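Q: got a structure for you, letters missing:
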């Protein structure tokens, strides 16, 4: 249990860095950043795949199909939605929308996997949901005050929708990934992370080509294939691909094999908290009072949810 929690915390430290990435290259479209990150992830996975080729050869077709689905939804789509949302709403708001994940995943796990691991009482989950909602309202109010007359309402609302789509993707991915690992205990976390990197590479290359074609049509002045600051862009994509994609996935896979699925939702909070931490460190300022109130509500909601004990499964025994 302790090792699983430590792996989840480490994954949160690494994943929190993805909220700063779009701020470093604000002139790059979020879809190009997503494609670039996962091209880098796939390239990093190639030498690792050669090292683990014997274990990868043992994966069945069903494993590879699952890796493709997980990579498409949890990698390419999730980060494309998130990067665009951060550029439209600002990192704090997008981070706090993603901050609903601990409870959203807990509720989804309750609905989908409660019959396997025990259900959480809905009556005790309600206060956590209310606290999360209050936290979101506080952070959104703070961001609206901060942007003031500079706010482009349509762009801001579009960013909210994109952040919600990112929540959908990242709710499906960790639950599906955790259940697959728990039902396949022979899978090594590192091997599974490398397998996802391998299947991500061709999809990311196709996405990069399509996004580049769209940019060439809509923004002919944008320098392709690596944008106006190629050295910065390539270095950032390689760093995120290594730290956030491969190493983060390895740590999360290791946690998923050691902890019940219902606990994985609350532990996502470390990604949110470190995302906020790295964002405010980058801006070199303290969060406003409303944002702090939102963070407190988020933490309170998560701690409330983590204290809830799953109801034991009732097995009917016939005579």
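A: Now that the structure is in, tell me what you want to look at. Just so it is clear, the model here is predicted, and its values are computed rather than measured. Residues are numbered from 1 along each chain as shown.
Q: For residue 168, give its distance to residue 68.
A: 19 Å (C-beta to C-beta, to the nearest Å). Bear in mind the C-beta positions are built from the backbone N, C-alpha and C, glycine included.
Q: what do you get for residue 139?
A: In terms of C-beta to C-beta, residue 139 sits 35 Å off from residue 68.
Q: got it, and residue 246?
A: From residue 246 over to residue 68 (counting by C-beta to C-beta), the distance is 17 Å.
Q: And the helix or strand harbouring residue 62, what does it pack against?
A: Assessed by DSSP states H and E, residue 62 sits inside helix 61-71. Packing partners of helix 61-71 (3 or more C-beta pairs under 8 Å, 6 or more residues apart in numbering; DSSP states H and E): helix 153-183, helix 189-218.
Q: try 6 Å
A: helix 189-218 (3 or more C-beta pairs under 6 Å, 6 or more residues apart in numbering; DSSP states H and E).
Q: Got phi/psi on residue 224?
A: phi -110, psi 150 (degrees, to the nearest 10).
Q: Contacts only, for it.
A: When contacts are counted by C-beta atoms under 6 Å, 6 or more residues apart in numbering, residue 224 touches residue 212.
Q: circling back to that earlier point, which residues sit against the next helix or strand after the helix holding residue 62?
A: Downstream of helix 61-71, the next assigned helix or strand under DSSP H and E is helix 78-89. Identification of contacts with helix 78-89 by C-beta under 6 Å, 6+ apart yields 22, 30-31, 33-34, 94, 155-156, 158-159, 162-163, 165-166, 169-170.
Q: Recalculate using a threshold of 7 Å.
A: Residues outside helix 78-89 that contact it (C-beta atoms under 7 Å, 6 or more residues apart in numbering): 18-19, 22, 26, 30-31, 33-34, 37, 94, 143, 155-156, 158-160, 162-163, 165-166, 169-170, 173.
Q: Check stretch 239-255 too.
A: By C-beta under 7 Å, 6+ apart, stretch 239-255 touches 4, 7-8, 10-11, 14-15, 17-18, 21, 37-38, 40-41, 44-45, 181, 189-190, 192-193, 196-197.
Q: Burial check on residue 133, number of neighbours?
A: 14 (other C-beta atoms under 10 Å).
Q: on that earlier part again, residue 246 and residue 68: which is more packed in?
A: residue 246 (22 against 17).
Q: Model confidence at the more buried one, what's the number?
A: Note for residue 246: predicted pLDDT of 85.
Q: Am I right that it sits in a helix?
A: Yes. Counting by DSSP: H, G, I helix; E, B strand; the rest coil, residue 246 is part of a helix.
Q: tell me the SS of residue 222?
A: coil.
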